[in-house]
Structures are given as structure tokens and as C-alpha cells.
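In: Below are the sequence and a predicted model for it; my questions follow.
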2 protein chains.
Amino acid sequence: MTTTEIIHDMGRRARKASRLITRLNTAEKNAVLSGMASALESHAPAILAANRRDMEAGQDSGLSAAMLDRLLLNEKRIADMVRAIRELVGFNDPVGRILDTKVRPNGLTIEKTSVPIGVIGIIYESRPNVTADAASLCFKAGNACILRGGKEAIHSNLAIATALMEGGRSAGLPEDSIQVVPITDREAIKIMAQMDQYLDMIVPRGGYALIEAVVQNARVPVIKHAHGICHVYVDAGADLAMAEKITVNAKCQRPGVCNALETLLVHEAVAAEFLPHLAQTLAGQKVEVRGDAATQKLIPGCVPATEQDWSTEYLDLILSIRVVENIDAALDHIAEYGSHHTDSIITPHEDHAKRFLREVDSAVVLVNASTRFNDGGELGLGAEIGISTDKLHARGPMGLEELTTFKYIVRGTGQVRA
Amino acid sequence: MTTTEIIHDMGRRARKASRLITRLNTAEKNAVLSGMASALESHAPAILAANRRDMEAGQDSGLSAAMLDRLLLNEKRIADMVRAIRELVGFNDPVGRILDTKVRPNGLTIEKTSVPIGVIGIIYESRPNVTADAASLCFKAGNACILRGGKEAIHSNLAIATALMEGGRSAGLPEDSIQVVPITDREAIKIMAQMDQYLDMIVPRGGYALIEAVVQNARVPVIKHAHGICHVYVDAGADLAMAEKITVNAKCQRPGVCNALETLLVHEAVAAEFLPHLAQTLAGQKVEVRGDAATQKLIPGCVPATEQDWSTEYLDLILSIRVVENIDAALDHIAEYGSHHTDSIITPHEDHAKRFLREVDSAVVLVNASTRFNDGGELGLGAEIGISTDKLHARGPMGLEELTTFKYIVRGTGQVRA
């Protein structure tokens, strides 16, 4: 078969599975999840053996230490996957929520009800745990899924999916509900992105090239999990100790993630007092600072920031800093260079907080708190499949509810339209 | 300027306008809408003159009578546009709804709040009233819009947009909030569809070629308003008088719209009793029937249905009919050929109704009611910009709430992540 035929066949089978999944009630779905978790445990030796193949190939091909660490599975990481699936059992079923009800004057009753989306494609990179996390979340929400992970993790991903299907099947999981695409070249992504007859949604999670490979070719609706160029704006009058604590946390607590701080904006009225002290603290954390002209004057040895810096997601211990003359300039900077992800203002002024929260067009906007709180767990939303950088359907943390859609259920007694 | 430069410049200006619109409160937005309505009234002579140019050009180029009727504006149609905008003033503001609130153990307060989407592109065909309807709906939800109507209506559309902007401007409407693309070739659609730096969403409303021109090229998220292949399934035991009344209403009340019936499925146990009588009634309504072999035996002179018929949206007084052996066959047929739009079952059996409502993957599913009820007004949802045939973000009638998205507003007192 050609690559296209193989992937279309997977799509056809996933569509069929998705129709059968809609017949399962909450208890039946939870039994499937429990079966998946147990099978992951009992398949651990096979999964670890598959992972060793991937690790050896990765070492041979010269993957970086960081990449190899992401690829690695061990007993603890398998236990984490198992625990995450068992936690899902206890979560409310996102399907069947009544979102709105109406009785019309003609007697029709209308229920807007949450339902599964259908078939979801997930395209991701090297972490094999995503295979278990994404498949179980999609299934809890009543969806079939087609998973296309990174080529480095292909044996691990196939072994995990085999375990999930085997454990689920015995508890009533329809065949083909979880499928891993065995073809790991870019062509497979293109075919998936165009396969709108079988796929209802694609969630790409990864770097620019991966997201672009999906978006360029997509006929299927895409919910991107792309980059975060996140800002903290320190307003005039801000509590500077708080501002420093938040800046350091947002930049340093986990610099490689999308909700980490990339650009700090500082009101000119507090720059001279704030920046020199901050610079010392950041130096202690080994953060490289790149500043505009005003920042360079206040921070000895500061690297000059270029235009490119304002649009760069470093994902590293680098921070760009710009001094602005007022909140309008801060809002303009964020509108021009931000990625609509997560932005925070540090201010005691309620009117400034309100303007910032209203006018900054980002998934999560904060006042006097770290950007690192854009996270499903931290916002109290439960497990997430990722953080959407799109505005439609899912914005910010994308959890179980965002893996459902809705339909209008209308009951009548013979009504016709006049 | 090139076409690309012109349209990108419109996008840049719309983006700027959308930031300014977020500063308007409900009363200010309503004042703008009132200004728009009054200006439409006072500009009526100019709009009618522009429409005469379009009508003359349409006659010269041989547009059909139906097309010319869609293109025509007169005093009454302008009054309808004005009334629709004045009604919008009374509607609840879809922006600023608190969709969820949480207080976290660390003291962070979280409000999930509805906000404007930003800049919306609407791509449509010949009816110039869409210009006023879409622009006012988009604005009520806090969005700027870029409108690309059909080339036949270009002078009408420009005159309407000029009136809306003039009336709105004097009440505080930011410049460039409503723009009509003056370029009417397909190239303009392609450029809009790829302009994801300025457009947050595109809503294409129209025939297959128009939708395809958007989807093929889209980087911008698209909410399609495409075709409806709607079904009625008459179950064994159904009240056949009710079934006939609903069938005739769904097919004949307005055959040219997307929620009209296209394929009737009939359980074999009732076909012999139901179909001959139905055929007589349909003949009285000048409906052409195309049936499968079983239907042909029961309806003298029935045209044989081909495979193509099951996938055809006639939008005309034509009905395809298929006899099925049970509800499973009906569900299979709808899964195979349906367009996920609107489907209805006529049955007294609650278990069959439940299966149909759960398993048919359509925006609106009905029991014992006409498919024609898939409509914002009929479902009690208010004004609509159209009927989405997509599953994400908006499904079925797309009204003011679907012209908003949300953000998470987080307030802290210096919280950082541990």
C-alpha cells in the first residue's frame, strides 16, 4: 500500500471505532481506562525493551543528551503514565453535559449537550509518554485517536499503543480506537492534515517546523500548541520585591516551557531602581540579559537586544528587557511582538490592571502573578493535552472538555415549521 | 499596490481597530449600532443607486432571475437591515460573560471570561444584506471585520459599509472596524485565507466552489457554512400521518436552504403503507422522487436513484428515498452519506430515539420534528451569522456567543509557582 492508502485506511477504521465508542457509557469507559492502566503495567518489560531500541538508535544517530532524556522510559515514567490514566477514571465524564436547555413556544424541547468530537489526530515529538496521555484523554472524552509521534520514539509508541489496546479491548474498547501511525516521515503529517473526511481535529504539539508542516497543508481544523512569547510588565508604583520574585520565577523556574517569561517590560519611572538589583539576581541564576538602550545604561555588561529578540522564544536562560514610557507603550509592545499566550502586569493600580487584563489579547492574562500559572493543573482545570495557542474552540489549557464538542438534541411531537 | 499589499494593509488596519473596540463598553457599542442603523436609513438613496449599478451589470452579464432577486435591494430590504441592527441593540452583550470562576488554594482568583475574537473575515455570495447583518453582529461581539462579498454586489456592499462606518464613526466606532474588500477575484479569497497574522477566523458562506477556495488555502481557522444533506428516518411503528407531514414540511417549505430534507429513509415494515400515499402528496407539491429498487416498486414512475443521489444536496424539489431494513441500516446510511448537518427520526420508540440522537453525528438531531428547525431563531438562540457545518467552536446556528472566544483572567498578590 502507499503511504496515503495506509493512513486513509487508518482514518476509515478510526471513524468506524468512533461510532462504536459513542455507545459506551461512563462506567464502561472507565472500565476500559482501568484495563489500559493495568496492561501498561503488565507490558512494562516489552515497552522498556522497545524503548531500549529507540534509545540505542538515538545514541547512534547522535541525539543530544536533552533529547535522549525526553525519549527515555523507565519504571518510574511508566508508573507515572499508569497513575495518570487511573486518575482519569475519577474525573467527571466530559460527555453528556447539558450545556443549555430550552422549551420553545411550539413545544419543542432543546438540549445543547456535550458529545465526543469523533476522531482526533495528535502530532507530537519525542516524549513517548504523550502516547499514553493523549490516547487516554481522547478516549475519556469519547474519541478515537490517530497518534503520530516522533520517529525517534516509534518503537516505544507502538509498544505503548499495543498495551493500551490490549488492556482496553478486554474491557470493551472498540478495535482501532487508538492507532499509532507507523510511518514517521513528514509525508505522513501532510496526509493526515488533509484527511478531513476521517479526522475532525488535529492537535500539533511541538516546534515551529512541526506546527508549520501541519498548518501549511491543513484541511482538517487545527488546534495549535505552538510557542509562547510571554511578557511581564512592571508598572510604575509596582512592589519591586514582588516584581523581582515573579520575574525570576517566570524566567527561571522552568525556562524550557511555553509559559516561561521571554520579555520583561519595565516602566521608566521604576527602571533605575528595579533593573540593577534584578540584574544581580538574574546573574546569580545564570540568566543572560539582552536589553534596549535604556536597559543597557542600567545594567553593566548587558547584551544589546536586536529587533529579533522581541520576537524570540528563547526557551532558555535568556531574558530580553525593554524600558517603556507608560502602560500604552507596554500594551503596544505586547500587541506587536506577543504570541497571545500568557502575559502578566505587576501593578498596584486597579485601573491599569483592568486595562491590561482587557486589552492584552492572550489566553491567560494575570495581575501580580507569575506567567507559569498558565497550566491546566494550576488553573484548577485538571489533566490537559497541552496548551492551545489558538483562539477558537480551545484557548490556553486544553483538557477533557475541550476534547468534546456539542450537538442540539430536539424532541418534538410532530412539529413542522410554519 | 498589489492585491496582496492592499489586503494585508486592510488586515493591519483591522487589527488596530479591533484593539480599540475592546475599550468600548456595552452602552458605547449599542450607541454605535444605533448610529449604524440611522445612517443606513439616511444613506438609502445612495445604497439604492449603487444597487441599481449592480443590477444593471447583473442583467448585462446574464445573471439568472433567482440571482438577480438575491442581489436586489429596495426600501423594504433596507428597512429589514435597519430593523435587524436595532434588534441587536437590545440583545445581551456576548462579551464579558463570566463562564467559570475559581479560587485556588494559593489564593489566585481565576475568571474564564468571554472576549471578542479579534478580526473576523466573512466571505459570501450575492446577497448584499449580509454586509449589514454580518458587520453588525461581528461588532456587537467586539470584533472588527473584513467582508468579501460577491463581485455582483460590490457597489451595494461598498455603499452599505460606507453608511455603517459613517453612522458608527460619529458614535465612537474606531476607523477601519468594518471594511469591504474592493477586489472581487478569487485571488483575494486566497490572500485572506492565508493572512493569519491579521485574521483570527474566516466564515465562508456559500456554494462548494467558494468554500473550497477558502479551505484549500486556509492558514486562518475556518468555520464553514457549507452544505446540508439532511435525512428523515421513518421508523417501524411511526405515526405515518406525522411522518408525512414532517417529510413534506422538511422538503417543501423552503427547498433551497441547507436544513431542507434531501434523503428520506423508510423502515421496510412501513414502506408499503407509507410511500404510495406520500408519493401522491409529494406529486401534488411537484416534488420529483428518486428511489432505490424497493421504493421504485411502491411508487409508480419513480426515477431510479443512483449512488450519486445519496450524496447530493438538491436544494430543489427533488427527494431521494431509500427503504432500509432497520435502524442500524438507517444509521449506517447517515454515517456514510450525511453531512453532519440535521437529521430527524420519526418514531414512537424511546430506545430508537435515544440511539438516533446519540449516534447520529450531526449539529442538530431531532425526534418527531422537521429538519427545518435547525435555525438560530427556531432554537431560541437569537440572531445568527449562519449555520456552521463544522464541529469545533461553533456547530449549528452561529450567533453572537460564537463570535466571541474567552480568556482566563488571573488575579494574584505576588504568587509564584513552586
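Out: Okay, I see it.
In: Nearest residue to whichever residue of the stretch 201-350 of chain A sits closest to chain B in space, please, no chain neighbours.
Out: Nearest residue of the stretch 201-350 of chain A to chain B: A:Asn249, at 3.5 Å (C-beta to the nearest C-beta). C-betas here are computed from N, CA, C, even on glycine. Closest residue to A:Asn249 apart from its sequence neighbours, by C-beta to C-beta, 6 or more residues apart in numbering or on different chains: B:Val416 at 3.5 Å.
In: Count the neighbours of the one you found for me.
Out: 19 (other C-beta atoms under 10 Å in any protein chain shown).
In: surely it meets A:Ala243?
Out: No: B:Val416 is not in contact with A:Ala243 according to C-beta atoms under 8 Å; the separation is 11.2 Å.
In: Which strand or helix spans A:Val410?
Out: If you go by DSSP states H and E, A:Val410 is part of strand A:404-415.
In: Is that strand in proximity to chain B?
Out: Yes: Strand A:404-415 reaches chain B (C-beta under 8 Å from any C-beta of the partner chain) through A:405-415.
In: Please name the residues that touch A:Met36.
Out: Counting by C-beta atoms under 8 Å, 6 or more residues apart in numbering or on different chains, A:Met36 touches A:85, A:132, A:135-136, A:139, A:163-164, A:167-168, A:173.
In: try A:Ala250
Out: Counting by C-beta under 8 Å, 6+ apart, A:Ala250 has contacts A:230, A:232, A:260-261, A:344, A:370-372, B:416.
In: now do 7 Å
Out: A:232, A:260-261, A:370-372 (C-beta atoms under 7 Å, 6 or more residues apart in numbering or on different chains).
In: Got phi/psi on the closest residue to it other than its chain neighbours?
Out: Nearest non-adjacent residue to A:Ala250, counting by C-beta to C-beta, 6+ apart: A:Leu261, 3.6 Å away. Note on A:Leu261: its backbone torsions stand at phi -70, psi 140 [degrees, to the nearest 10].
In: burial of A:Leu261, as a residue count?
Out: Per other C-beta under 10 Å, the neighbour tally for A:Leu261 reads 28.
In: The longest helix anywhere in chain A packs against which elements?
Out: Ranked by residue count, the top helix of chain A under DSSP state H comes out as helix A:3-21. Judged by 3 or more C-beta pairs under 7 Å, 6 or more residues apart in numbering or on different chains; DSSP states H and E, helix A:3-21 is in contact with strand A:119-123, strand A:144-148, helix A:186-194.
In: In terms of pLDDT, where does A:Ala226 sit?
Out: Per-residue pLDDT puts A:Ala226 at 85.
In: where's it relative to A:Gly206, distance?
Out: Separation of A:Ala226 from A:Gly206 (C-beta to C-beta, to the nearest Å) stands at 9 Å.
In: More neighbours: those two, which one.
Out: Higher neighbour count among A:Ala226 and A:Gly206: A:Ala226, with 22 against 18, using other C-beta under 10 Å.
In: what sits against that one?
Out: With the criterion set at C-beta under 7 Å, 6+ apart, A:Ala226 makes contact with A:211, A:389.
In: so what's the closest residue to chain B within the stretch 251-400 of chain A closest to, chain neighbours aside?
Out: Of all residues in the stretch 251-400 of chain A, A:Ala369 sits closest to chain B, at 3.0 Å by C-beta to the nearest C-beta. Leaving aside its sequence neighbours, A:Ala369 sits nearest to B:Gly412 (C-beta to C-beta, 6+ apart; 3.0 Å).
In: can you give me the strands for the stretch 51-200 of chain A?
Out: Taking DSSP state E, counting those that start in this stretch as the criterion, the stretch 51-200 of chain A carries its strands at A:98-103, A:109-116, A:119-123, A:144-148, A:178-180.
In: Residues contacting the third one, please?
Out: Under the criterion C-beta under 7 Å, 6+ apart, residues A:14-15, A:18, A:134, A:138, A:143-148, A:189, A:192, A:198-204, A:210, A:214, A:220, A:403 lie in contact with strand A:119-123.
In: what do you get if the cut-off is 6 Å, keeping everything else the same?
Out: Strand A:119-123 is contacted by residues A:14-15, A:18, A:134, A:138, A:143-148, A:189, A:192, A:198-204, A:214 when judged by C-beta atoms under 6 Å, 6 or more residues apart in numbering or on different chains.
In: Run me through the strand neighbours of it, direction for each.
Out: Paired with strand A:119-123 in the same sheet, following DSSP bridges, are strand A:144-148 (parallel), strand A:201-204 (parallel).
In: and after the shortest one, which helix or strand comes next?
Out: Helices and strands here follow DSSP H and E; after strand A:201-204, the next one along the chain is helix A:208-215.
In: Counting by contacts, list what that next one packs against.
Out: helix A:186-194, strand A:201-204 (3 or more C-beta pairs under 6 Å, 6 or more residues apart in numbering or on different chains; DSSP states H and E).
In: Mind putting those into CSV with distance to A:Val180, mean pLDDT and mean neighbour count?
Out: Shown next, in CSV, are the helices and strands packed on helix A:208-215 (distance: least, C-beta to C-beta, whole Å; pLDDT from 0 to 100; neighbours: other C-beta atoms under 10 Å in any protein chain shown):
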stretch, distance to A:Val180, mean pLDDT, mean neighbour count
helix A:186-194, 11, 95, 20
strand A:201-204, 15, 96, 26
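In: Find me the pLDDT at the residue of the stretch 51-200 of chain A found nearest chain B, would you?
Out: Taking C-beta to the nearest C-beta, chain B has its nearest neighbour within the stretch 51-200 of chain A at A:Lys102, 4.6 Å off. Looking at A:Lys102, its pLDDT reads 95.
In: quick one, what contacts it?
Out: By C-beta under 6 Å, 6+ apart, A:Lys102 lies in contact with A:110, B:380.
In: rerun at 8 Å
Out: Applying C-beta under 8 Å, 6+ apart, we find A:Lys102 in contact with A:109-110, B:379-380.
In: are any of those residues buried, and which?
Out: A:110, B:379 (16 or more other C-beta atoms under 10 Å in any protein chain shown).
In: Nothing else from me, thank you.
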